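Q: model the structure of this input:
(chains A, B, C, D and E, ligands or ions: 5)
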Amino acid sequence: KNIQSDEQPPLRIAVASNFKNTLIELVADFKRQHAYPITISSASTGALYQQIIKGAPFDIFFAADELRPNKLIKQGLAQHTQLYAYGRVALYSAKTQFNYAQQPQTLPSTCRIGIANPAYAPYGIAAQKVINDISALSQCQLIKGSNIAQAFQFTQLQTVDLGVVAYSHVLEQSIEQSQYQLLNERYSVAQALVVLNNSNHKHTDNRAAQFVAYLHSANAQQIISHSGYKGVAK
Amino acid sequence: MSFGSSELMAFWITFKLALLTSGLLMVICIPLAWWLNNSRSLVSRLIESLVTLPVVLPPTVLGFYLLMAFAPTTILGEQFEALTGQQLAFSFSGILLGSLFYSLPFAMQPLQTAFAQFDNKALDAAHSLGASPVEAFFRVTLPLCKHGIISAALLCFAHTVGEFGVILMIGGNIPGETQVLSVAIFDAVETMDYAKAYNLSAALLIFAVVTLVMINILKRKEQDYAKC
Amino acid sequence: MSFGSSELMAFWITFKLALLTSGLLMVICIPLAWWLNNSRSLVSRLIESLVTLPVVLPPTVLGFYLLMAFAPTTILGEQFEALTGQQLAFSFSGILLGSLFYSLPFAMQPLQTAFAQFDNKALDAAHSLGASPVEAFFRVTLPLCKHGIISAALLCFAHTVGEFGVILMIGGNIPGETQVLSVAIFDAVETMDYAKAYNLSAALLIFAVVTLVMINILKRKEQDYAKC
Amino acid sequence: MLNVDCHLTLPGQTLSYQLKTPEEITCLGIKGDSGCGKTTLLRIIAGLEHQAHGYVEFAQQQWQYTQQQKFIHASERNIGFVFQDARLFAHLSVAQNIQFKGNKRALPGFEFKRVIETLDVGHLLNRRPVNLSGGEKQRVAIARALTSKPRYLLFDEPLTGIDHNHKVIILDYLAQLKYEYAIPMIYVSHLDDELKKISDGTINLNHKNNPFTMLSNPNRAHG
Amino acid sequence: MLNVDCHLTLPGQTLSYQLKTPEEITCLGIKGDSGCGKTTLLRIIAGLEHQAHGYVEFAQQQWQYTQQQKFIHASERNIGFVFQDARLFAHLSVAQNIQFKGNKRALPGFEFKRVIETLDVGHLLNRRPVNLSGGEKQRVAIARALTSKPRYLLFDEPLTGIDHNHKVIILDYLAQLKYEYAIPMIYVSHLDDELKKISDGTINLNHKNNPFTMLSNPNRAHG
Ligand SMILES: Nc1ncnc2c1ncn2[C@@H]1O[C@H](COP(=O)(O)OP(=O)(O)OP(=O)(O)O)[C@@H](O)[C@H]1O
Ligand SMILES: Nc1ncnc2c1ncn2[C@@H]1O[C@H](COP(=O)(O)OP(=O)(O)OP(=O)(O)O)[C@@H](O)[C@H]1O
Ligand code: MOO
Ligand SMILES: [Mg+2]
Ligand SMILES: [Mg+2]
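A: Ligands and ions are numbered 1, 2, ... in the order given. Alright, predicted model coming up:
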């Protein structure tokens, strides 16, 4: 069990699943200076949003888009949003005998593409843009995962020919260079966070703000870009 | 409330899936449950436990492992593709297979309870009247265990209708083929189209209540003779 | 395999949740099932069907509606907070309540099957020997329906262990408080930590197999007298 | 001793009983064709037919009077009931069946040891009902009823399926119980010799009018 | 007619039978104290005890010979069996119970109408077993066994719980079946008058050595 230095509850961070692994690294780094307990809860951006408006005890919310943070502000649950990373997307194919990722135009006519669901997943919206732009992809059947991790898994297991996936996953899973193609920054997903109003009453020492401030440090920015995101350094 | 064609399609797929799943599970599980209840070997005890296992795995995780098994690189996926020319993952056959696996324990438990409480003495009478073991099973055991069988089929049906973690993973959400109602409702909630989620849920619940009330009244009518 | 403290915590919370859920459900459902099986009113047929309903809703959707019901703005959420000073959603009490709701049908079905097959004639004997209806229920009905009760408790326990859609939604995945094993495994799969997902699943399955084999052997040993 | 004015509606028929017997009877025999309503009468007297309407008085005990909302629950009538079909508890051993009510203090005449010996069930105590023969079940059922400290005894064809040797011993014992302790009993049987041996008068349910016949019986109880 | 050399191990005891009766018997009576093994013997003869080891021959039919791996399944022995406890099918009406085997062509002597009338079950045909009295169940069970086109008949205390009037009629009928059609039968009973009326010889299972007694019986079958 964590030994709490004081009576205060831990700093509770809610994070969209795609950023969780990166956040774990960030928290580990942050803890070298600040010894207080931090818990991380992850789920899809949509689920977290719903939990927050129903009173979930989170202090900071790392969304996978800007939409949900903005909504929270409109609802008076937070003061301002802040971008923390741009998620980058890549084309990825695990079918090693082909070269679909580099040359999507070689896809067969009965192709299947794995994407996150554009109806609600931020990475899905980006993927939809990619498909609209690359004509070779528009003929394919779309296999929609409920989030970007599922899209990656579909692709990795070769149940789809090609996936529009998060670059962070590609790096994390050490995918060979030949199997993916990192796409233009145009398709990046702007990911924003908010500090929730509730939080300020709970901690005397502005922990949430401290953590958010830490994100702008060089260390933090390096971790973020190493994980496959584009940093937001000013 | 009014529904678009994709929702009506989802209704239809859900219904078809649930019906096929519960039907096939009855065909598989009735003999299996009977055997498990009559065998005393350790193997049968082990199988009995294995059969309950799918229930302890979170559906999405089960779905993930099933997807691994369905991938074209596995024997199962390969053979299926060779046989049907179709991929197992993201097809109706795939979600059917997943549902069978997922609802198996909910078929087995009520069946085993029913068979365990069944009094074998009636079988002696059937045999003395010339009924072979198979005939006696169909004409005596099954009707006397009807309550448990209905209960098992009901649970399977309902459970398959509500299933979604597994299907989300191995179905791929293809409208008209693998997009079932539960996934459509989940999508609506995620899209924050709460009105649609609410309407679909309400329609599903009304359909379920009506079916269940009918079955329960039926069950009740025919039940009393069992207490002889 | 080795687990960190947060996984051990998740194990413990899962175990506690499953045990409490199945225990409480037995306390609630045994009288309820008994009443439903003995009443012939239309109301009881309706309740019987309502009780099966949670099973047809996709867990996440059910979780969403439960979350709405648990919000501090509702009567339920308000009363709970007034009474305990704690919020219902995102607390252990909250996920317990959600689990109770979610696993209810899996407790009810086997119990109702067992009670339906139970032969009331034994009760006459108990009454003639001076046992009051309540005493007869505990000393005659319950022991003779033991198989169904074990089956119900087993399904509840297993089902609660595997539950995750509802808990993810109303629990908020807070480590040490509402993060159960199934959510942890789901998380591991989502974050593509496959080794961890595999280890946790394996541990869960081994635990489940051992428990189930033990229960099934026990069940078998004691079963035969029921066929009198 | 018996005063019943009662009816019960079953699916397809209504059974009604108007029966009144002299007070000085200790054991009332009942006979009649199968299906004429003997078991049902016994169940009404025992309080096991909750749908029965009317008046039931047995051995000066008013047990049911529907007009006055009076219905003593079966479990409070202090009866011992031997069912036509034994009805042992399948989950209990023979010993547990017999001691279902607990046997802290036995009534005189019903001492545990004496009952066990007379009914010859001592060697069966550890068995489960499923492992008994038909006659053994029946003997255990009689033992169970007798050790339950009954103040009244109701027997529904108790000795069917029991062989001659056991029958003689058991019937002697029952007659003795009646004679020495004046336990009010009802005894249903198809066999005249059984009835002649144990009962002081019999009701023949085949005869709708005037069903009662008094027997002059040497075994008539003291009380 | 009967030749049994067989044993069966039950929990707690082993029952063994060495029985041989003359060939000219048509109906064999069996008696003995309750629990001595009458029902078990009948079940072995019927092929209902799969754990029994040994040799079973009845009316020139070799039904079991364990040493030679021979065991004719109960359903192929063409028997009619009246169980001590009726054992009706709870899910079927009386009519469906009686016609369980189908009654396309009845054997002579076993005509459906005749059986129904003799056993006086015509008015019960639409009832469920749960709605029958004890004696009615027993009569239906007899009717079911008789209409199943049996070539051999096994009766386990068939007339217990049946009133005197019905008993006389049924026993007469059974005796007539034996006499006219020479149907081989085994008849278990505790009552000597029943056995005297129907059987040509009896086995008393209480007597371990030499259990068989031949009766000179006026009802001896032609065949
Ligand atoms: N299922 C069983 N399991 C174990 N023992 C049994 C079983 N059935 C009967 N027995 C025992 O086997 C012996 C013979 O029983 P069986 O039923 O053949 O007796 P029976 O002669 O028919 O007696 P009854 O006249 O009471 O019907 C008895 O000691 C009985 O307790
Ligand atoms: N549970 C029941 N439901 C409907 N009818 C019943 C039920 N039990 C008995 N009966 C009918 O009620 C009548 C009286 O039955 P009862 O059992 O009292 O007869 P009985 O005199 O005890 O006969 P037996 O000598 O055969 O035991 C019969 O016509 C019988 O068919
Ligand atoms: O981070 Mo998402 O919700 O998979 O696009
Ligand atoms: Mg009766
Ligand atoms: Mg017997």
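Q: any low-confidence regions in the chain?
A: All of this is about chain A. A:1-7, A:200-201, A:233-234 (pLDDT under 70).
Q: oops, chain D please
A: Checking chain D against pLDDT under 70 turns up D:103-106, D:216-223.
Q: and it, which of its residues are near ligand 5?
A: For chain D, the contact set with ligand 5 under Cβ under 5 Å from the ion comprises D:133-134. In this view, the C-beta of every residue, glycine as well, is placed from N, C-alpha and C.
Q: in chain D, which spans are strands?
A: Applying DSSP state E to chain D gives strands spanning D:2-10, D:13-20, D:27-31, D:53-58, D:61-65, D:70-71, D:79-82, D:152-156, D:185-188, D:201-204, D:212-214.
Q: dump those into CSV; add distance to C:Ile215 and mean neighbour count as well.
A: Output for the strands of chain D, formatted as CSV (distance: least, Cβ to Cβ, whole Å; neighbours: other Cβ atoms under 10 Å in any protein chain shown):
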stretch, distance to C:Ile215, mean neighbour count
strand D:2-10, 43, 18
strand D:13-20, 47, 14
strand D:27-31, 49, 27
strand D:53-58, 48, 20
strand D:61-65, 46, 18
strand D:70-71, 43, 13
strand D:79-82, 37, 27
strand D:152-156, 41, 24
strand D:185-188, 45, 26
strand D:201-204, 54, 22
strand D:212-214, 59, 14
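Q: tabulate those (TSV), appending distance to A:Ala63.
A: Output for those, formatted as TSV (distance: least, Cβ to Cβ, whole Å):
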stretch	distance to A:Ala63
strand D:2-10	70
strand D:13-20	75
strand D:27-31	84
strand D:53-58	72
strand D:61-65	73
strand D:70-71	69
strand D:79-82	73
strand D:152-156	77
strand D:185-188	81
strand D:201-204	87
strand D:212-214	91
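Q: in chain A, where's the longest strand?
A: strand A:78-87.
Q: disregarding flanking residues, what is the spatial nearest neighbour of the residue of chain D found nearest ligand 1?
A: Nearest residue of chain D to ligand 1: D:Gly135, at 2.6 Å (Cβ to the nearest ligand atom). Closest residue in space to D:Gly135, ignoring its immediate chain neighbours: E:Ser34 at 2.4 Å, by Cβ to Cβ, 6 or more residues apart in numbering or on different chains.
Q: tell me who's in contact with the one you found.
A: D:133-136, D:138-139, D:161-163, D:166, E:190 (Cβ atoms under 8 Å, 6 or more residues apart in numbering or on different chains).
Q: out of the residues you listed, which are buried?
A: D:133-136, D:138-139, D:161-163, D:166, E:190 (16 or more other Cβ atoms under 10 Å in any protein chain shown).
Q: could I get the full set of helices for chain A?
A: A:20-30, A:45-53, A:67-74, A:122-133, A:135-138, A:148-156, A:167-172, A:199-202, A:207-214, A:218-226 (DSSP state H).
Q: quick one: closest of the ones you listed to ligand 4.
A: Checking the helices of chain A against ligand 4 by Cβ to the ion gives helix A:45-53 as the closest, at 65.6 Å.
Q: give me the helices and strands touching that closest one, please.
A: Helices and strands touching helix A:45-53, by 3 or more Cβ pairs under 8 Å, 6 or more residues apart in numbering or on different chains; DSSP states H and E, are strand A:11-16, strand A:60-62, helix A:67-74, helix B:181-190, helix C:59-70, helix C:165-171.
Q: go ahead and confirm B:Gln112 touches B:Trp35.
A: No - applying Cβ atoms under 8 Å, one finds B:Gln112 not in contact with B:Trp35, separated by 10.5 Å.
Q: between the two, which is the more surrounded one?
A: Legend: neighbour count by other Cβ atoms under 10 Å in any protein chain shown for B:Gln112 and B:Trp35, higher for B:Gln112 (27 against 13).
Q: touching chain C at all, stretch B:90-97?
A: No - judged by Cβ under 8 Å from any Cβ of the partner chain, stretch B:90-97 stays clear of chain C, getting no closer than 14.0 Å.
Q: check stretch B:19-26 too.
A: No - contact of stretch B:19-26 with chain C (Cβ under 8 Å from any Cβ) is absent, the minimum separation being 12.7 Å.
Q: in that stretch, what counts as buried?
A: Going by 16+ other Cβ under 10 Å, stretch B:19-26 has these buried residues: B:21-22, B:24-26.
Q: list the contacts of D:Phe58.
A: D:1-3, D:45, D:152, D:184, D:186.
Q: for A:Thr22, same thing?
A: Counting by Cβ under 8 Å, 6+ apart, A:Thr22 has contacts A:85, A:168, A:223-224, A:227, A:229.
Q: out of these, who's nearest chain E?
A: A:Ser168 (63.0 Å; Cβ to the nearest Cβ).
Q: excluding chain neighbours, give the residue nearest to that closest one in space.
A: In space, A:Ser168 is closest to A:Gly228, 3.6 Å off (Cβ to Cβ, 6+ apart).
Q: and the most centrally placed residue in chain D, bridged to which residues?
A: The centre of chain D sits closest to D:Leu154, judged by Cα atoms, centre = their mean, with a distance of 1.5 Å. D:Leu154 has these beta-bridge partners by DSSP bridges: D:Phe81, D:Ile186.
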